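Engineer: with the sequence up front, the predicted model follows.
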Amino acid sequence: MAADASAATVRSQRRLAVLGSPIEHSLSPLLHNAAYTALGLPWQYDRAEVGGGELLPFLQGLGDDWLGLSLTMPLKREVIAYLDEVTPLVDELQVANTLRFAPGRSSDTRVLQGANTDVWGIEQALREAGIERLESAEVIGSGATALSSLRALADLGARRVRLHARTPEHAGELVDRAADWGVTVDVVTLTGGELALTAPAVVSTLPAHAADAIEPRLGSAGDVLLDVAYDPWPSTLATRWQAIGGTAVSGIEMLLWQAVAQVRFFVFGDDTRELPDEPTIVRAMRAVLPPNGMPPGDLPRP
């Protein structure tokens with residue numbers, strides 16, 4: 001373990017969890033517990049069903065043994081109101097998927113720190129699929145993960161993105177934010193049936209089964225689809241994508257890399273600072289992932 005990490009944080013038993021709704025099939029406990037075992041940390045990471053409007057009372061009920069939380073929908077925007085310190089990316093996006101409890105100025109207070117590791121997770125998943133640079137891309141969906149996807153695509157060089165939204169009138173924030181990054185977003189209405197997806201990279205941010213009605217058409221063989229849904233895997237959209245010659249990447253890859261950055265944040269308070277012998281930690285995390293995207297058996301709730 002790194003010598004300059006806080007001894008109180010590193011050596012003591014701490015609790016962590018992933019929150020959201022629905023949450024019962026989250027793979028985050030497998031990933032995080034594998035990482036902390038590999039790091040030699042006596043930490044336990046669980047999961048808890050927390051819906052919209054329920055985050056504050058949950059936070060108020062946590063004891064001093066809690067170190068951090070991972071946040072899924074519908075909590076990524078709700079948490080912003082309760083954060084004391086945020087990374088520049090959270091300040092920019094107003095979306096956080098990670099919360100860390102840090103000591104306050106007095107012994108009986110603590111500071112709530114927020115980070116967004118989704119952007120880096122999406123970037124890494126696309127890079128592993130061979131996407132290093134691109135000029136155009138497409139995003140399916142218009143929620144918080146779509147915003148992180150736009151930021152990741154901008155980092156990869158995209159300057160034009162077509163956004164498929166069920167309610168295009170709600171996508172104005174995404175269009176405005178992307179413009180700040182030099183990205184032009186063309187919003188089109190998402191409906192079922194045949195859908196032409198002609199960019200070299202497509203990110204589907206829809207939840208499980210929400211894209212089942214889409215019949216994709218590719219621009220060219222080998223185009224990459226990152227489907228953030230991983231339960232079940234392969235998704236119906238991914239199966240159809242592969243059947244017509246495309247490359248489908250499971251949301252498990254995004255989940256893995258955003259979890260690596262979360263572990264960094266929980267250990268150091270810095271999601272960009274590499275863990276000691278990080279390749280070994282990543283291998284330990286990847287080793288526990290089931291190939292079909294489903295967790296083996298049930299996991300305990302906090």
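Structural biologist: Great, that's in hand.

Engineer: make it CA atoms for all contacts and neighbour counts henceforth
Structural biologist: OK.

Engineer: tell me which strands the one helix or strand Arg162 maps to pairs with, and in which orientation.
Structural biologist: Using DSSP states H and E, Arg162 falls within strand 160-165. Sheet neighbours of strand 160-165, with direction, are listed as strand 136-140 (parallel), strand 184-189 (parallel) (DSSP bridges).

Engineer: what's the first helix or strand after the shortest one?
Structural biologist: Same thing as strand 136-140. Later in the chain than strand 136-140, the nearest helix or strand by DSSP H and E is helix 144-155.

Engineer: so that next one versus strand 160-165, what angle?
Structural biologist: Calculated by axes from the mean of the first three to the mean of the last three C-alpha atoms, to 10 degrees, helix 144-155 forms an angle of 170 degrees with strand 160-165.

Engineer: in helix 144-155, what's buried?
Structural biologist: Ala144, Thr145, Ala146, Leu147, Ser148, Ser149, Leu150, Arg151, Ala152, Leu153, Ala154, Asp155 (16 or more other C-alpha atoms under 10 Å).

Engineer: ok, residues contacting it?
Structural biologist: Helix 144-155 is contacted by residues 76-77, 93, 95, 118-120, 122-123, 137, 139-140, 161, 174, 178, 181-183, 203, 205 when judged by C-alpha atoms under 8 Å, 6 or more residues apart in numbering.

Engineer: same thing with stretch 278-294?
Structural biologist: With C-alpha under 8 Å, 6+ apart as the criterion, stretch 278-294 contacts 25, 27, 30-32, 34-35, 38-39, 230-234, 252, 256, 260, 275, 295-296.

Engineer: please enumerate the helices of the stretch 51-200 of the chain.
Structural biologist: Secondary structure of the stretch 51-200 of the chain (DSSP state H, counting those that start in this stretch): helices at 55-60, 88-93, 118-128, 144-155, 172-180.

Engineer: residue ranges in the stretch 151-300 of the chain under the pLDDT threshold?
Structural biologist: Along the stretch 151-300 of the chain, the model assigns pLDDT under 70 to residues 292-300.

Engineer: so what's the residue count around the residue nearest to Trp43 when sequence neighbours are not counted?
Structural biologist: In space, and not counting its chain neighbours, Trp43 is closest to Arg14: 4.8 Å by C-alpha to C-alpha, 6 or more residues apart in numbering. Using other C-alpha atoms under 10 Å, Arg14 has 18 neighbouring residues.

Engineer: isn't Arg14 right up against Gln44?
Structural biologist: Yes - with contact defined as C-alpha atoms under 8 Å, Arg14 counts as touching Gln44 (6.5 Å).

Engineer: you'd agree Arg159 is up against Gly182?
Structural biologist: Yes - between Arg159 and Gly182 there is a contact under C-alpha under 8 Å: 6.3 Å.

Engineer: who's more crowded, the two?
Structural biologist: Arg159 (19 against 13).

Engineer: residue contacts, the more buried one?
Structural biologist: Neighbours of Arg159 in contact, by C-alpha under 8 Å, 6+ apart: Glu135, Ser136, Gly182, Val183, Thr184.
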